[in-house]
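A.B. asks: this one's sequence-less:
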């Protein structure tokens, strides 16, 4: 009975921690969710401003979430195209594909139309999902100035613990969960220029699907 109490307490604390990850000081200091943990309950908006609960979404079917920096990022757009190409195979395996970024619903709608995307895109304007997954980080002063000035980003600036204004972004990531919201695979790389190959995603998805 005592062991059960401790186990339940640990699970509860793990769940609460997942929902309250602080924004990391840089991309190398993040504490992402790992295999064996649950997809957190976070509400985001789709391109039509409809609210979507991530936890409820994964109760319907196995899901592949991919976090990206925004439609302004060429590496992200390239990845979105790669995922579009393998989406038919993922659908045959029973998966749904969901993209999450700090873009507003209006910006997501533009990206979906421009890239002719059929999969679900969700707006993480307030970085709720990025923090819950442990992916959010403060960009450096140089990166913040470069992105806001040269790329004309409209993302709001956040205040660091030291009082500086910084852009907050998610480290690009892939998460694969089963139809109970349990994470079986994740790929996270602080180097935003490096994304997982489509073949790796398909292989990981097939392995997760075989466990269903």
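C.D. replies: Ah, there it is. Just so we're clear, the structure is a prediction, and the values are computed from it rather than from any experiment.
A.B. asks: who does residue 38 bridge with?
C.D. replies: residue 182 (DSSP bridges).
A.B. asks: From residue 192, how far out is it?
C.D. replies: 26 Å (Cβ to Cβ, to the nearest Å). Just so you know, the C-beta spots here come from the backbone N, C-alpha and C atoms, and that holds for glycine as well.
A.B. asks: wait, what's in contact with the nearest residue to residue 26 once chain neighbours are set aside?
C.D. replies: Once flanking residues are discounted, residue 26 sits nearest to residue 137: 5.7 Å by Cβ to Cβ, 6 or more residues apart in numbering. Neighbour list for residue 137: 23-27, 29-30, 168-171 [criterion: Cβ atoms under 8 Å, 6 or more residues apart in numbering].
A.B. asks: again with residue 170
C.D. replies: 67-69, 100-102, 124, 127, 130, 133, 135-137.
A.B. asks: for the protein, what spans make up the strands?
C.D. replies: 43-45, 51-53, 63-67, 96-101, 120-123, 136-138, 157-159, 165-170, 173-177, 183-188 (DSSP state E).
A.B. asks: Provide a list of residue ranges in this protein with pLDDT below threshold.
C.D. replies: Where the chain drops to pLDDT under 70, the residues are 1-20, 210-212.
A.B. asks: Which residues are in contact with the residue nearest the centre of the chain?
C.D. replies: For the chain, the residue nearest the mean C-alpha position is residue 67 (3.1 Å; Cα atoms, centre = their mean). The contact partners of residue 67, taken as Cβ under 8 Å, 6+ apart, are 100-101, 124, 129-130, 133, 135, 170-175.
A.B. asks: before we move on, back to that, just the closest of the contacts of residue 170 to residue 158, please.
C.D. replies: residue 127 (8.0 Å; Cβ to Cβ).
A.B. asks: who does the closest residue to the closest one other than its chain neighbours bridge with?
C.D. replies: Distances taken as Cβ to Cβ, 6+ apart place residue 136 nearest to residue 127, at 4.9 Å, with adjacent residues excluded. Listed by DSSP bridges, the beta-bridge partners for residue 136 are residue 170.
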